[in-house]
Structures are given as C-alpha cells and as structure tokens.
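Undergrad: Show me the folded form of this:
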Amino acid sequence: FGILALGGGAACMLCVSDRQKKKEAEKKKIERMKADYPQIINKFTLYIGAGMTVRRAWFCIAMDYQRERKKEKKGKAREAYEEMVFTMNKISGGGAEADCYEEYGIRCGSPLYRKFGTMLAQNMRKGSKGLTELLKKEADEAFEERKNNARKLGEEAGTKLMIPMFIMLAIVFVIVMIPALFTIQI
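TA: Numbers count the residues shown, from 1 in each chain. Modelled structure (predicted):
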C-alpha cells in the first residue's frame, strides 16, 4: 500500500511539474515578445513616417526578419516576428488585411500586440489619418516600458547576487579567523 501511495504521489508531482514547466515557458515567451515590441514599433513608425503603406511596412519588417534568420541559421525564433511572417503569408494568400492584423494581436496574446493589431486594423478601415502620431506615441510608451523593465531586471539581479556575496563574506571570515585561532592556541 505504501509503494502504491508513493507511486501515485510521484505521478501527481510529475503532472504538476509538467504544468509548471509549461507555465514557465509561456511566461518566458511573453517576456521575449515584450522585449521585441519596442523594436517592432520603432521600425514600423520609421517606415510609415518614410511614406510606406501599412502593408509594405509590415512586409519589410517580416522579410528583414526572415533574412536575418536565414543568416543566423541556428538563431532562436522570435515569436513576435514569427507571427508577423505568418500574418504576411496570410495576407499574401488573400486574407483580409485588417482582419489579419487583428488576429496577429490576438495570437500574440499580449495586450501590447493586441492594441497594435487593433490600431492597424482600425486605421485600415477608417483611413490612415493620424496613424503616424499614434505610432510615435506608442513607440514612446514602448520605450518607457522597456526602460522600466530593464530597471526592474537590474533590481532583481542585484537581489539575486546577495546570496553569493554572503557566501564569499563567510569564506573571508573563515580565512581570517582560522590563522587567528591557531596563533592564540600556541
């Protein structure tokens, strides 16, 4: 009975561990996508400001990513860009452009991308009047968010370094105290 109970407990722990790993992988994916967001918005703003259409700017960003990916060969896939390539292919295949942009935001699963996709879709439906201003504002907000995220990660790194620092302090105390103790006993 004890072995059966231990086996059942181990099976439950494996299921919980697998779910935890999936949650952790999803969290890392969202963090990588958040890190890519300012770069995507800045490129998009630059292209739109240069006079490109929304579709042409989207295709330029996606094709640039594909070229970089082919050069690196073993480089990690960047999910936000992969979704852009998927959307580009869907648009090229005859999908409704505005719907494809909205689906992009939904597939990415982040409020940032959902807002971006909705903004593009609305401007496709209503006209691109004011799109450059909206994109500049969004780029500024994304840059501020990136700075805040970097600050947060820096603070977390400082906290994580405290344990090794205390271990090193203990080692220094041992190095100093042992010779002192030996000289006292003689």
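
Undergrad: What ranges does the protein have for its strands?
TA: Using DSSP state E, no strands are found in the chain.

Undergrad: which one's the longest helix in it?
TA: Longest helix in the chain, counting residues (DSSP state H): helix 2-49.

Undergrad: looking at this structure, which helix or strand is least sure?
TA: Least confident helix or strand of the chain, by mean pLDDT, DSSP states H and E, is helix 131-160 with a mean of 85.

Undergrad: first to last residue in stretch 103-122, what's the distance?
TA: Criterion CA to CA, to the nearest Å; first-to-last residue distance in stretch 103-122 is 13 Å.

Undergrad: Which parts of it count as buried, going by neighbours?
TA: By neighbour count with 16 or more other CB atoms under 10 Å, stretch 103-122 contains the buried residues 103-105, 107-108, 110, 112-114, 116-121. C-beta: built from backbone N, CA, C; applies to glycine.

Undergrad: on that earlier part again, which elements pack onto the longest helix of the chain?
TA: Helices and strands touching helix 2-49, by 3 or more CB pairs under 8 Å, 6 or more residues apart in numbering; DSSP states H and E, are helix 54-72, helix 79-92, helix 111-126, helix 131-160.

Undergrad: For the longest one, buried residues please.
TA: Same thing as helix 131-160. L131, L134, L135, E138, A139, A142.

Undergrad: which residue packs closest to the last one, ignoring adjacent ones?
TA: What that stands for is A142. Nearest residue to A142, sequence neighbours excluded (CB to CB, 6 or more residues apart in numbering): P38, at 4.0 Å.

Undergrad: Looks like that neighbour contacts E145 (just checking).
TA: Yes. Here P38 reaches E145: they are 7.3 Å apart, a contact under CB atoms under 8 Å.
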